[in-house]
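A.B. asks: structure here, sequence nowhere to be found:
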């Protein structure tokens, strides 16, 4: 790996806590290895800030391999930055130019209030999940044999592709309407595609969509931005499938 | 009797768990809502335990430091989960899984625990499928399997390279269901900072709300610690940035013994270190070893030329490549267990054949070109083309590789900016998993009554080395199928206890300990960041308590860590205040515990004068460089008892390991 | 939204087919267009359809405003730097704006034609034909009636818009056609007055604004057509590409055809 270093300017959202007013602050950082990930660059900036006795920047991160969904960041106008099919921890500094000014902001949505600096509260996603993102089966292990119901490979693969969602919230952050449809539809789709999930399909989609609306997410206008920015490339097929499931359930439900 | 009573039931190995379970005490459904249980950590073990206990009707409080339980690091497990289903009809059985796991662990795990694990492995798959976990399937609609290191059967169930994610999301969905029903109260962004004991029993925890900084008291009749492993003691590892030992270490300080801390798994296939600002290492799934061949150049001058950028690996002739795993271990080849593969790579790099141009030249090749050719040919034949051109073969082969490992190849390319379809991957071992952990008995209860430990946080099932695809199995087995029974047995005596007050002197004292530590850090006014010390600790650990250990190095490490501990506490600078979100403070508290644990790991490694599994003492190897176990003197679990601030004073307790059903032998993968 | 949107797409087709008759020249064209206009306002089925259309437009607009309002609320603080062009088409993000422009257009369009034809204080002139008796130089102006006969314009009066009465006996002698054709021609026509209609001195402006409105509609449909199918859950790897292509085609062809009418009229009349 031919390692190169660049110098960059950063404009970063700073906000003391949920109730404080925030603002964009400017920082300069030199000697950033192009092999560094974006978050390693922020580590480096924080180290610099700590050494200057300034308060380091709070940002969410954990696994640093693109799977936990904890990292976020709206970088240069895009969720998880300019690269495709990556989370911020997988975005590398080689995607930026020497001397470039990089804007770093938190996800912006009413349902994702800022906690501090670049950290937002995504617990709305958990509550949507709690409203129906499961199969109501007890964890006894005394179910039928795993191979008792064959599932067409195509369906299993589609279900997996939907289930690959990491719940990072990039879909909401990118959507002009701050809509959570891609996230919710991924879970609804996963379950709708599998025989195990079909039993509760109606209640699931109605409850999850209701909770989604209550949490204050916007409506889907099919701009497709979510799927483009999704680090796991979750397809718009899922939104159509959820719409189908929802219409079916809404028309046939007894309540 | 030693203070270590493993409570292993009598009887034949295949009957122990069933008989034991049948005689455990129960708590009647109407009594369960009167009982509180705390679960710390929401990975596979924690989520599954919290969900199961919530379902049973207990009042469960679950804690995780992440912003959602779904983000626990179990999510990052790639390859798969083992289960003795024998769907592939290749001779698998519960006994074989049991045997492979014991042997893979280099005969340092408890027979009874491991057999129980193998027994419930099939239920895990049934359970997960019922929950809607989308495992990979064959065209007939039945579950697919693949092969993993250290086994000669195909028993690994998987969901592309994201098996851990799918299993965790399954457990998370079960947990979410219980949260939605109000049976589990979830505390996100909370970190357990101490345990509270009343009359010797675990009665609650002190937790810090990571958003507000508030110190909270939570009481319960039992506490389950499922907080994962301690690989981050090395600073660089495949663990998540937040993975820490604090919960486990805090209970250790309050009386839970810590077992086999020196047993650490170094995973052979990770992306090599690139620079000093690197914060974490990325794993490339073990499943790649099904298709990739590991090699370094045969000639030193070739290795030097590669490092200097003057030679490309693809330009090295077949005869000038040393496929060292195939050479040394012809029977298992590239699929030897992880510890064996890692050490072999280190041996080559230490001898000067490493190919990575970083500070230490540490890196070897994982090459897919042979597989591309052979699978390309197969694909061509399958498509009816019996006379394919070289070009067609390569194109089809790449397509096959992409279908199997596409996401891993893409991940590799994103990180390294090199195309692994064209040039071999560069890999090197990295710290991945810790077999050691809190000592627990057969009930998964630590030496603190009422304090249970599950998943990677305990020491129980993997001995000195864990086989691939067994961590997921253990986490879910503990949470779904073991703890619900054993915790209930313990709680059967608590139905008359009533709610536990949090205003007792014990809670006061525990909270005071936490506040003192926080205040000390914030008022320390030092000059160096937490990471500065963490990196230093990591270097000592990697160099002296890493893949190869020797007496002198370990002694040096013990002294250096003691020194580092002093410096750290004197000179660390923690910005910010206590009453706000303060990631630096969180880190400082974790690193303080890592430093103490690091020292204990070195002490444990020094004490264990043998080589076994992931623990390789350079003094104890055979003529071919293989591990030399000493079953005469070290066939025991080494459990350490905390004896105050100086870790050198910890006292070793030994739990002898008896192998009644497996004939103990030298591990041989040749 | 999707249902009303798709219904309105079908309305567009109907409306366009009717309007295309304006291309037909001469007396025949004029007569056909005015007969079509009469049919559209007197057929019960068409009446139901047109009320459905009004309701659809209203619902589509109100629902659209509500959605836009909710969506605005869903992101109270905007990004300092946003680059949505990287992930989505401008039209898809601007449906509310485009829709609002179209709504304004619909209002002015209806004021220009529908209102004038129906409720204008000065009664709408009726369809007349100029005929001269054989051998005579003098032209006579006659009303065309719905039965196909002609009535002289002299000596008869118009009541209730289109009813032709003989004033002396106060007897309805026939019913005329509103001269929508001439209304249209005069509105867009190039500095020419048509029968009974004054020349529109702003004809050029009208033509330009109508063309712009159709461009707006084009963008609206460019996203809206296939989006409606997505919202209804109609998505399939085999058929969706076809629906999308159809949507794009529809979005270009239909508004272009609409816009071509005023341009044609402006240039030729």
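C.D. replies: That came through, no problem. Here the structure is a predicted model, which is why all the values come from computation and not from measurement. Numbers count the residues shown, from 1 in each chain, chains lettered A, B, ... in the order given.
A.B. asks: need the contact list for residue 130.
C.D. replies: Reading this off chain A. Going by CB atoms under 8 Å, 6 or more residues apart in numbering or on different chains, residue A:130 touches A:211, B:176, B:177, B:179, B:180. In this view, the C-beta of every residue, glycine as well, is placed from N, C-alpha and C.
A.B. asks: wait, I meant chain C there
C.D. replies: The neighbourhood of residue C:130, defined by CB under 8 Å, 6+ apart, consists of C:139, C:140, C:141, C:142.
A.B. asks: chain neighbours aside, what residue packs nearest to residue 215?
C.D. replies: Using chain A here. Among residues not flanking residue A:215 along the chain, residue A:124 sits closest, at 4.1 Å (CB to CB, 6 or more residues apart in numbering or on different chains).
A.B. asks: sorry, I should have been clearer: chain C.
C.D. replies: Distances taken as CB to CB, 6+ apart put residue C:255 closest to residue C:215, at 6.8 Å, once the chain neighbours are dropped.
A.B. asks: could you confirm that neighbour falls within a strand?
C.D. replies: No: the secondary structure assignment for residue C:255 gives helix rather than a strand, going by DSSP: H, G, I helix; E, B strand; the rest coil.
A.B. asks: check what pLDDT it gets.
C.D. replies: The predicted structure scores residue C:255 at 97 on the pLDDT scale.
A.B. asks: ok, it - how many residues close by?
C.D. replies: If you count neighbours by other CB atoms under 10 Å in any protein chain shown, residue C:255 ends up with 23.
A.B. asks: next one: residue B:263
C.D. replies: Neighbour count of residue B:263, defined by other CB under 10 Å: 32.
A.B. asks: quick one: mean pLDDT for stretch B:502-515?
C.D. replies: Confidence over stretch B:502-515 (mean pLDDT, whole number) is 98.
A.B. asks: same question for that stretch: list its buried residues.
C.D. replies: By neighbour count, with 16 or more other CB atoms under 10 Å in any protein chain shown as the criterion, the buried positions of stretch B:502-515 are B:502, B:504, B:506, B:507, B:510, B:511, B:513, B:514.
A.B. asks: JSON lines for the residues you listed, including distance to residue B:457 and secondary structure?
C.D. replies: Below are the buried residues of stretch B:502-515 laid out as JSON lines (distance: CB to CB, whole Å; DSSP: H, G, I helix; E, B strand; the rest coil):
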{"residue": "B:502", "distance to residue B:457": "24", "secondary structure": "coil"}
{"residue": "B:504", "distance to residue B:457": "26", "secondary structure": "coil"}
{"residue": "B:506", "distance to residue B:457": "23", "secondary structure": "helix"}
{"residue": "B:507", "distance to residue B:457": "23", "secondary structure": "helix"}
{"residue": "B:510", "distance to residue B:457": "20", "secondary structure": "helix"}
{"residue": "B:511", "distance to residue B:457": "23", "secondary structure": "helix"}
{"residue": "B:513", "distance to residue B:457": "21", "secondary structure": "helix"}
{"residue": "B:514", "distance to residue B:457": "20", "secondary structure": "helix"}
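A.B. asks: between these, which is closest to chain C?
C.D. replies: Distances from these to chain C were compared by CB to the nearest CB; the smallest belongs to residue B:514, at 35.4 Å.
A.B. asks: that closest one reaches residue B:215, doesn't it?
C.D. replies: Yes: with contact defined as CB atoms under 8 Å, residue B:514 reaches residue B:215; the gap is 5.9 Å.
A.B. asks: overlap in contacts of these two?
C.D. replies: Going by CB under 8 Å, 6+ apart, residues that sit against residue B:514 and also against residue B:215 are B:193, B:206, B:208.
A.B. asks: now whichever strand or helix holds the second one, how far from the centre of its chain.
C.D. replies: Secondary structure assignment for residue B:206, by DSSP states H and E: strand B:201-209. Its chain's average C-alpha position is 24 Å from that of strand B:201-209, according to CA atoms, centre = their mean, to the nearest Å.
A.B. asks: parallel or antiparallel, list what pairs with it.
C.D. replies: Strand B:201-209 has the following strand partners under DSSP bridges: strand B:190-198 (antiparallel), strand B:215-219 (antiparallel).
A.B. asks: quick one: mean pLDDT for the first one?
C.D. replies: Mean pLDDT, strand B:190-198: 98.
A.B. asks: list the buried residues of that strand.
C.D. replies: By neighbour count, and taking 16+ other CB under 10 Å as the criterion, the buried residues in strand B:190-198 are B:190, B:191, B:192, B:193, B:194, B:195, B:196, B:197, B:198.
A.B. asks: and residue C:191, what pLDDT?
C.D. replies: The predicted local distance difference test score for residue C:191 is 55.
A.B. asks: can I get the buried residues of stretch B:502-515 in TSV including distance to chain C?
C.D. replies: Below are the buried residues of stretch B:502-515 laid out as TSV (distance: CB to the nearest CB, whole Å):
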residue	distance to chain C
B:502	38
B:504	45
B:506	45
B:507	41
B:510	40
B:511	37
B:513	41
B:514	35
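A.B. asks: for those, which one is nearest chain A?
C.D. replies: Distance to chain A, by CB to the nearest CB, is smallest for residue B:514 among those, at 21.2 Å.
A.B. asks: so what's the residue of the stretch 251-400 of chain B at minimum distance from chain A closest to, chain neighbours aside?
C.D. replies: Residue nearest to chain A within the stretch 251-400 of chain B (CB to the nearest CB): residue B:280, separated by 4.2 Å. On the basis of CB to CB, 6+ apart, the spatially nearest residue to residue B:280 that is not a chain neighbour turns out to be residue A:64, at 4.2 Å.
A.B. asks: what's the neighbour count on whichever residue of the stretch 1-150 of chain A sits closest to chain C?
C.D. replies: Each residue of the stretch 1-150 of chain A has a distance to chain C, by CB to the nearest CB, and the smallest belongs to residue A:77, at 2.8 Å. The burial metric for residue A:77, expressed as a neighbour count using other CB under 10 Å, is 19.
A.B. asks: try residue A:108
C.D. replies: Each residue near residue A:108 was counted by other CB under 10 Å, and the total is 22.
A.B. asks: repeat for residue C:208
C.D. replies: The burial metric for residue C:208, expressed as a neighbour count using other CB under 10 Å, is 14.
A.B. asks: next: residue B:153.
C.D. replies: 20.
A.B. asks: show the pLDDT at it.
C.D. replies: So, for residue B:153, pLDDT stands at 92.
A.B. asks: for it, give me its contacts.
C.D. replies: Residue B:153 is in contact with B:86, B:88, B:90, B:91, B:92, B:96, B:147, counting by CB under 8 Å, 6+ apart.
A.B. asks: most neighbours among those, please name it.
C.D. replies: When neighbours are counted by other CB under 10 Å, residue B:92 leads the contacts of residue B:153 with 22 neighbours.
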